[in-house]
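Visitor: Curious how this folds, go ahead:
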Amino acid sequence: MSAILLFDGECNLCNGIVQFVIKRDPNAYYRFASLQSEAGQELLSTYNLPNSLDTFILIENEQAYQRSDAALRVCKHLNGGWKILSKLFWIPRPVRDTVYSFIAKNRYKWFGKRESCMIPTPSIKKRFLS
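Guide: The predicted structure is shown next:
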């Protein structure tokens with residue numbers, strides 16, 4: 001069983017999060033696709049999701065999660081103390097998503113933007129959908 005993370009492949013913050021998840025996911029539970037990729041676009045269509053680059057999407061058990069719901073669910077499968085962050089679901093979604101949206105809105109300004117999507121190294125390439 002695995003889950004898929006859809007991310008903005010041109011966003012430095014998003015690429016950093018993908019690298020963060022890979023390092024803390026030794027069982028390779030997560031696979032990845034950039035929102036700009038053909039696979040990403042197909043998944044957006046399949047799950048009837050908006051074609052927007054301002055959200056992080058988790059597809060798990062044939063269910064799509066966005067924004068803070070996706071981010072907190074990802075923490076459940078990471079090694080180390082990161083699992084504890086998944087307990088933050090007690091914070092009301094509107095509050096969590098307001099913070100998430102503020103970061104998403106400013107991510108290019110704060111972290112920069114790439115000219116193109118990242119190219120995975122050979123050791124992790126099999127975890128990326130294209």
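
Visitor: Once you drop chain neighbours, what's closest to K76?
Guide: S86 (4.4 Å; CB to CB, 6 or more residues apart in numbering). All C-beta spots, glycine's among them, are computed from the backbone N, C-alpha and C.

Visitor: And the strands in the chain?
Guide: For the chain, the strands defined by DSSP state E occupy 3-7, 30-34, 57-60, 63-66.

Visitor: Might you report the residue contacts of the residue nearest to K76?
Guide: S86 is in contact with 72-73, 75-76, counting by CB atoms under 8 Å, 6 or more residues apart in numbering.

Visitor: Now restrict those residues to buried residues only.
Guide: 72-73, 75 (16 or more other CB atoms under 10 Å).

Visitor: What does the pLDDT read for the residue nearest to K76?
Guide: Listed pLDDT for S86 reads 79.

Visitor: Okay, and the beta partners of the closest residue to Y65 other than its chain neighbours?
Guide: Counting by CB to CB, 6+ apart, L58 is the residue found nearest to Y65 once chain neighbours are left out, at 4.5 Å. Beta bridges link L58 to L5, Y65, judged by DSSP bridges.

Visitor: related to what we said a few turns ago, nearest approach to R96 belongs to which of the strands of the chain?
Guide: The closest of these to R96 is strand 63-66. By CB to CB, the value is 11.3 Å.

Visitor: just how off-centre is that closest one within its chain?
Guide: Relative to the centre of its chain, strand 63-66 is centred 11 Å away, using CA atoms, centre = their mean, to the nearest Å.

Visitor: Next, the buried residues of that strand.
Guide: For strand 63-66, the neighbour count (16+ other CB under 10 Å) marks 64-66 as buried.

Visitor: can you redo the residues you listed as CSV with pLDDT and distance to L5?
Guide: Converted to CSV, the buried residues of strand 63-66 look like this (pLDDT from 0 to 100; distance: CB to CB, whole Å):
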residue, pLDDT, distance to L5
A64, 96, 11
Y65, 96, 10
Q66, 93, 12
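
Visitor: just the residues you listed now: which is nearest K125?
Guide: Nearest to K125, judged by CB to CB, of the buried residues of strand 63-66 is A64 at 24.3 Å.
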